[in-house]
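> sequence first, predicted model second:
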2 protein chains.
Amino acid sequence: MKRHNQHILFSARPQGEIEPANFKVVDVPMPTLDTGEVLVEVRYLAVEPAMKGWMEARADYIAPLQIGDVMRGQGAGVVLKSDNPKFPAGIMVSGPLGWRRYVATDGRSIPLREIPQSASLPAALNVLGITGMTAYFGMLDIGKPQAGSTVLVSGAGGATGSVAGQLARIAGARVIGIAGGKEKCDWLVSGLGFDAAIDYKSEDTTQRVLELCPDGLDVYFDNVGGDILDVALNNLADRARVVLCGGISRYNVSGTVPGPVNYFNLVYRRARMEGFIVLDYAKRFPEAIEVLLQHLDSGELRHRETVLHGFEQLPQALMNLFSGGNIGKQLVAINT
Amino acid sequence: MKRHNQHILFSARPQGEIEPANFKVVDVPMPTLDTGEVLVEVRYLAVEPAMKGWMEARADYIAPLQIGDVMRGQGAGVVLKSDNPKFPAGIMVSGPLGWRRYVATDGRSIPLREIPQSASLPAALNVLGITGMTAYFGMLDIGKPQAGSTVLVSGAGGATGSVAGQLARIAGARVIGIAGGKEKCDWLVSGLGFDAAIDYKSEDTTQRVLELCPDGLDVYFDNVGGDILDVALNNLADRARVVLCGGISRYNVSGTVPGPVNYFNLVYRRARMEGFIVLDYAKRFPEAIEVLLQHLDSGELRHRETVLHGFEQLPQALMNLFSGGNIGKQLVAINT
């Protein structure tokens, strides 16, 4: 196979929903290696809801994307050539490779991480990637589930929610997931060991949370915001923790999005609502990866990916996240 | 003076704003003393915004008021007669006396606390009372101000806010208060040592917070909710704490009150919004009182009361809180 390099550039800020016209595929030369560099052939690229915030320059915890930048994103691939003993040819690596088919780096300018031999590339971008780190630190450090406590996770069919819920289960909590559609809900209960799942598309979420969590929620892990956040705020147990991880129901709304009308229940329930940015935990990623690998090896923790094939599918893969088209982690497989 | 007992009953739930018709003054016999009881002549009764929640049966952290109940509230007075060695005649006591001119109790059914000799009765209901406890635990336990940090307090001209702000100042923080009107703002800066005050009635709060807190808020102590909460959420420093103490801007609105549209900034700023109920800290009240007494004695902590005279003024005193008519603690002096 003749190797051919391409990048996808961020070419226009979205007006409302993300669309293919926000991106542009460009042909670029194969990178040449400088001293100490490695050439990575990318095999998978991951998409995440947070990308919309970067594209809109709305998220200020990270430099906003500039028009013309290579689209930022996590990827995993194989080292084809190496002038760097830390990353010899043939090993698998992951890191913020961007939407590129081929990447040359010294492993620091684009920080590379060797993928453990027992882990697959998809797992490296899912459980062991940024969404896994988000689930780990959000659930365990902010949510702090206890044995016997009740934990509700929204967006539970996605990469972060599905891992976050399993980590709460492993901690001994009773875990209820909210997801859209029967397939996702069946997977949560039968595949991942959630105690129950609520299909917000066909069930009355308010009623079902009340039925399933009669003693209230000790932890609510929020990936969606909007009405479901308000349902959770209305059903908190005393001293509950609301983990603000995402707000995907907000991301496609233009103009002002209403806030949670039930926020004042935080007072009555002596409860806490807290946000976090996973990059703040970077120094502790190795700790998390070690624990998550153990859970993977023991079979306690499972993962799933929805994979589109072809580099040019990346914009579509990103759009999938906002239509709920993915189960587990949305990836794109390339160069295969 | 012939002693004559009266109670004020809670007689009708408010429809919207509190009005005199929600209460009824009734003549009742002077209480007689059983074994172990004391007779307290009430001198001051205190009113608090939280009462509206009790009257509306909206607050569920405490039993709602039933129609016909004696109105619940904190008071302070003198022990006239005593069959209880813990509370000898002549000492001053405070506790949840209710809206009564005279109270008989064994000191447990209505828990009495002896007022320290160095403290006045108004101070006992203000700095050393429930609002003082609220300020102490809310600011120090939840807000955790540090030396050099920036603290914003809304409702700063009220009893809780004025004490909370001073406690942050004593902790070494830079403190900005938001209050309604020049008189309150002047008092905060000149009287209490706040670093600045914002008059939300005549100034652009958004602009002033930006000017006065260019590095963002490390702590926002919220007594008001509404637009000011949103201004604060938009100006948080990283790892800020938003202390939800009250939401007086909400209390007179019927129907659904909008939530804070800027809540998602808690994610970008890795910040926390947390509510609390001061009664949860009851076991630690003695610790707080000891510290607050020291601050009073040293002159570091000041307090002010707005006093109406006459038992029948209690409903009006309560209504004052919602029109901002009080500076510092709103009290009613009776039996004088």
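Arrived safely.
> and the contacts of the lowest-mean-pLDDT helix or strand in chain A?
Every helix and strand of chain A was ranked by mean pLDDT, DSSP states H and E. The lowest is helix A:248-251, at a mean of 75. With C-beta atoms under 8 Å, 6 or more residues apart in numbering or on different chains as the test, helix A:248-251 has contacts from A:49, A:52-53, A:155, A:223-228, A:257, A:321-322, B:264. From N, CA and C alone the C-beta is placed, and that goes for glycine too.
> ok, stretch A:329-336 next?
Contacts for stretch A:329-336 (C-beta under 8 Å, 6+ apart): A:41-47, A:77, A:101, A:122, A:125-126, A:129, A:131, A:158-159, A:303-311, A:313-314, A:317-318, A:320-321.
> pull the most distant pair out of the contacts of helix A:248-251.
Comparing every pair within those by C-beta to C-beta identifies A:G53 and A:D227 as the most remote, at 20.8 Å.
> neighbour count winner among those two?
A:G53 (23 against 15; other C-beta atoms under 10 Å in any protein chain shown).
> excluding chain neighbours, what is closest to the more buried one?
A:A59 (3.4 Å; C-beta to C-beta, 6 or more residues apart in numbering or on different chains).
> contacts only, for A:V257.
A:V257 neighbours (C-beta under 8 Å, 6+ apart): A:225-226, A:247, A:250, B:261.
> assign A:L39 to helix, strand or coil.
Look at A:L39: counting by DSSP: H, G, I helix; E, B strand; the rest coil, its state is strand.
> beta partners of it?
A:K81, A:A104 (DSSP bridges).
> that one and chain B, how far apart?
Distance of A:L39 to chain B, computed by C-beta to the nearest C-beta, to the nearest Å: 36 Å.
> can you check A:G193 too?
A:G193 is 28 Å from chain B, by C-beta to the nearest C-beta.
> ok, that residue touching A:R169?
Yes - counting by C-beta atoms under 8 Å, A:G193 does reach A:R169; the two are 5.5 Å apart.
> hey, what's in contact with both of those two?
With C-beta under 8 Å, 6+ apart, A:G193 and A:R169 have common neighbours A:V175.
> more neighbours, the two?
A:R169 (19 against 15).
> so where do the helices sit in chain A?
A:50-55, A:121-125, A:130-136, A:159-170, A:182-186, A:205-212, A:226-233, A:248-251, A:265-268, A:285-298, A:314-323 (DSSP state H).
> which of those helices comes out lowest on mean pLDDT?
Note on the helices of chain A: helix A:248-251 shows the lowest mean pLDDT, a mean of 75.
> residues of that one that come out buried?
For helix A:248-251, burial by neighbour count (16 or more other C-beta atoms under 10 Å in any protein chain shown) applies to A:248-251.
> which one of those sits closest to B:V242?
A:R250 (19.1 Å).
> report how many residues lie close to the spatially closest residue to A:P31 that is not a sequence neighbour.
Computed as C-beta to C-beta, 6+ apart, the closest residue to A:P31 that is not its neighbour in sequence is A:A104, at 3.5 Å. Using other C-beta under 10 Å, A:A104 is surrounded by 20 other residues.
> what's the separation between the residue nearest to A:Y136 when sequence neighbours are not counted and B:I176?
Nearest non-adjacent residue to A:Y136, counting by C-beta to C-beta, 6+ apart: A:A288, 4.3 Å away. As for A:A288, its distance to B:I176 is 39 Å (criterion: C-beta to C-beta, to the nearest Å).
> comparing these two, which residue is more hemmed in?
B:I176 (26 against 22).
> show me what counts as buried in stretch A:47-65.
In terms of neighbour count (16+ other C-beta under 10 Å), stretch A:47-65 has its buried residues at A:47-56, A:59, A:61, A:65.
> determine which two of the residues you listed are furthest apart.
A:V47 and A:Y61 (18.6 Å).
> find me the pLDDT at the residue of the stretch 51-200 of chain A found nearest chain B, would you?
Among all residues of the stretch 51-200 of chain A, A:Y61 sits closest to chain B, at 5.2 Å; criterion: C-beta to the nearest C-beta. On pLDDT, A:Y61 comes in at 78.
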